[in-house]
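Asker: any chance you could fold what I've pasted below:
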Amino acid sequence: MIQLERAPATGIVPGYEWREGDRLVAIGSTRLRDILDFYYLSEEEGETQLTIVDNDERHAQYPIDTSDLNTFAQAFAPMEFKTCAAQCVFCFIDQNPPGMRQNIYVKDEDYRFSFLYGNYITLTSLGRRGIERVIEQKLSPLYVSVHATDVEVRTKMLGIKRQMDVMAVLQHLTANGIEVHAQIVLCPGWNDGAVLDRTLADLSTLHPMLKSISTVPVGLTDHREGLTKLEPVTVDDARDAIDRIHRFADRFEAEHGTRLAYPSDEFFLMVEEDFPDLSYYEEMPQQDTGIGMCRDMITDVEDALDELRELDAPRTTATVLTGTLAATFMERDLRPLLDRIPWLDLRVVGVENRLYGKGITVAGLLSGRDFLHAIEQLPDDAGVVMLPDSPINHDGVFLDDMPLDELTERSRFPIRVAEDGLVETLIAAVAERAA
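Answerer: The predicted structure follows:
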């Protein structure tokens, strides 16, 4: 069933008046488990019947034109996700500090959210019925946390009691038309070296239904009391991972025309190596996980550089606050480009993560108080302060429950969130000054 949290658009369901607690339980003669069933059943043309149940368990049927079903879906409450039963040794949720809002501590393991939003899942909670549904409804692609294909290694890393052969599940899914993107969280001493080589080789046998493999370094916070001891990824670890992935990808590309596997941007920054050309990342299949994001930003600035240089703009000072990793990237790769813009005085400040610890260097895990502390240290001529959008959720709130509005009110500088990227945010800031 699907909970209705608001009245649907006027007129699309004749005779229906929404009441709190109403639930949509069927389309036509088919009962609904969730929103995915709704979308799966809403593709036919013509008219159908909605069965709605109220708080008193009274059933009523209402006609609706199938062309209006997507509009009707705007009345649905968000779908609740299924939680994870694994105890991964590297799980970031277990490393959260105390005192945050409750939903920060919830681990999701839901194939529906993997299909809808690209969330990574281990497949440990999928089960036979889940597999059957994924195949029947073609819930593709799925994003799978593989980490290792060696059964014993993966079982230990996931902290599960019963061994699970992830390759067997992936072979079944891909053989039945489900595309997969895989991720490896690299944990030194666990799944690096020869284990990484085997994982890449095993996964490659699923091509072309397996579309990409990303490898990212494990993130370790200052809040690991009572957890399995893990070592951070060192520069040597990063170099070894890059070399192994490159050797594999070069061979695979020569045989199949695609690299398939990519190291994360963090690895290239750790070893102080230039990012590959944009073509290296092909269709950017895992950009949201930090694969090719930096090269894409460099390309955006290069493409816009002539326009920015010729812009008739007042002298503008802007200070970018971001994670220490992104700050390193901006100083190394973007500074030489941005310094060519005559009207721009751009400053970059790497913000220390006081919530999770210095070992967490990505911008998306900075808190509102981290930014506030950095703002309080800025000189009086900092100008417009620019923040990345990744640390702020859809409700405009940081991880530590500080609303963006509060940060804006407490800042002595104007604040802009780079929702449309660095270039567009700079242009918007200039336009505001010129107005």
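
Asker: got any ranges where the stretch 1-150 of the chain has weak pLDDT?
Answerer: 43-44 (pLDDT under 70).

Asker: ok, which stretches of the stretch 251-400 of the chain are helices?
Answerer: Counting by DSSP state H, counting those that start in this stretch, residue ranges of the helices within the stretch 251-400 of the chain are 265-270, 293-310, 324-329, 335-338, 368-376.

Asker: with mean neighbour count, distance to residue 1 and mean pLDDT as added columns, please give these in a markdown table.
Answerer: Yep, even glycine has a C-beta here, placed from its N, CA and C like the rest. As requested, those are arranged in a markdown table below (neighbours: other Cβ atoms under 10 Å; distance: least, Cβ to Cβ, whole Å; pLDDT from 0 to 100):
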| stretch | mean neighbour count | distance to residue 1 | mean pLDDT |
| --- | --- | --- | --- |
| helix 265-270 | 22 | 42 | 95 |
| helix 293-310 | 16 | 39 | 92 |
| helix 324-329 | 20 | 43 | 94 |
| helix 335-338 | 14 | 53 | 93 |
| helix 368-376 | 18 | 37 | 97 |
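
Asker: for residue 31, which of the ones you listed is the nearest?
Answerer: Nearest to residue 31, of all these, is helix 293-310, at 42.1 Å by Cβ to Cβ.

Asker: list the contacts of the most centrally placed residue in the chain.
Answerer: Nearest to the geometric centre of the chain sits residue 288, at 5.2 Å (Cα atoms, centre = their mean). Counting by Cβ atoms under 8 Å, 6 or more residues apart in numbering, residue 288 touches residue 118.

Asker: same check, this time on the one 5 residues further on
Answerer: With contacts defined as Cβ under 8 Å, 6+ apart, residue 293 is in contact with 265, 287.

Asker: closest to residue 427 out of the helices of the stretch 251-400 of the chain?
Answerer: helix 293-310 (7.6 Å).

Asker: got the buried residues for stretch 30-37?
Answerer: 32, 35, 36, 37 (16 or more other Cβ atoms under 10 Å).

Asker: quick one: those residues as CSV, columns for secondary structure and distance to residue 342 too.
Answerer: Below are these laid out as CSV (DSSP: H, G, I helix; E, B strand; the rest coil; distance: Cβ to Cβ, whole Å):
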residue, secondary structure, distance to residue 342
32, coil, 60
35, helix, 52
36, helix, 53
37, helix, 58
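
Asker: save those residues as TSV, and put in distance to residue 75 too.
Answerer: Listed next are the buried residues of stretch 30-37 as TSV, based on distance: Cβ to Cβ, whole Å:
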residue	distance to residue 75
32	14
35	12
36	17
37	16
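
Asker: ok, these vs residue 265, which is closest?
Answerer: Among the buried residues of stretch 30-37, and counting by Cβ to Cβ, the member closest to residue 265 is residue 36, at 32.4 Å.

Asker: give me every residue that touches the nearest residue to the closest one once chain neighbours are set aside.
Answerer: Excluding the flanking residues, the one nearest residue 36 by Cβ to Cβ, 6 or more residues apart in numbering is residue 112, at 5.4 Å. Contact analysis of residue 112 by Cβ under 8 Å, 6+ apart lists 34, 35, 36, 79, 81, 82, 139.

Asker: go through these and say which is closest to residue 125.
Answerer: Closest to residue 125, out of all of the contacts of residue 112 and judged by Cβ to Cβ, is residue 82, at 6.3 Å.

Asker: can you lay out the helices of the stretch 251-400 of the chain as CSV showing distance to residue 183?
Answerer: Putting the helices of the stretch 251-400 of the chain into CSV (distance: least, Cβ to Cβ, whole Å) gives the following:
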stretch, distance to residue 183
helix 265-270, 13
helix 293-310, 15
helix 324-329, 18
helix 335-338, 31
helix 368-376, 26
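
Asker: so which of those helices gets nearest residue 16?
Answerer: Across the helices of the stretch 251-400 of the chain, closest to residue 16 is helix 368-376 (Cβ to Cβ), at 41.6 Å.

Asker: distance between that closest one and the chain's centre?
Answerer: The chain centre lies 24 Å from the centre of helix 368-376; the measure is Cα atoms, centre = their mean, to the nearest Å.

Asker: if you count contacts, what does it end up packed against?
Answerer: Judged by 3 or more Cβ pairs under 8 Å, 6 or more residues apart in numbering; DSSP states H and E, helix 368-376 is in contact with strand 316-323, strand 344-351, helix 404-410.

Asker: for the second one, buried residues please.
Answerer: If I follow you right, that is strand 344-351. By 16+ other Cβ under 10 Å, the buried positions in strand 344-351 come out as 344, 346, 347, 348, 349, 350, 351.

Asker: again, but for the shortest one
Answerer: Of the residues in helix 404-410, those scored as buried under the neighbour-count criterion (16+ other Cβ under 10 Å) are 404, 407, 408.

Asker: give the other helices and strands that it contacts.
Answerer: Counting by 3+ Cβ pairs under 8 Å, 6+ apart, helix 404-410 packs on helix 368-376, strand 415-418.

Asker: who's in contact with the first one?
Answerer: Where contact means Cβ under 8 Å, 6+ apart, the residues beyond helix 368-376 that reach it are 321, 349, 351-355, 385, 387, 391, 397-404, 406-407, 410-413.

Asker: now, of the residues you listed, which are buried?
Answerer: 321, 349, 351-353, 355, 385, 387, 391, 397-400, 402, 404, 407, 411, 413.

Asker: what is the neighbour count of residue 69?
Answerer: 19 (other Cβ atoms under 10 Å).

Asker: scratch that, residue 129
Answerer: Neighbour tally, residue 129, other Cβ under 10 Å: 8.

Asker: so which helix or strand takes in it?
Answerer: Element membership for residue 129, per DSSP states H and E: helix 127-136.

Asker: that concludes my questions; thank you for your assistance.
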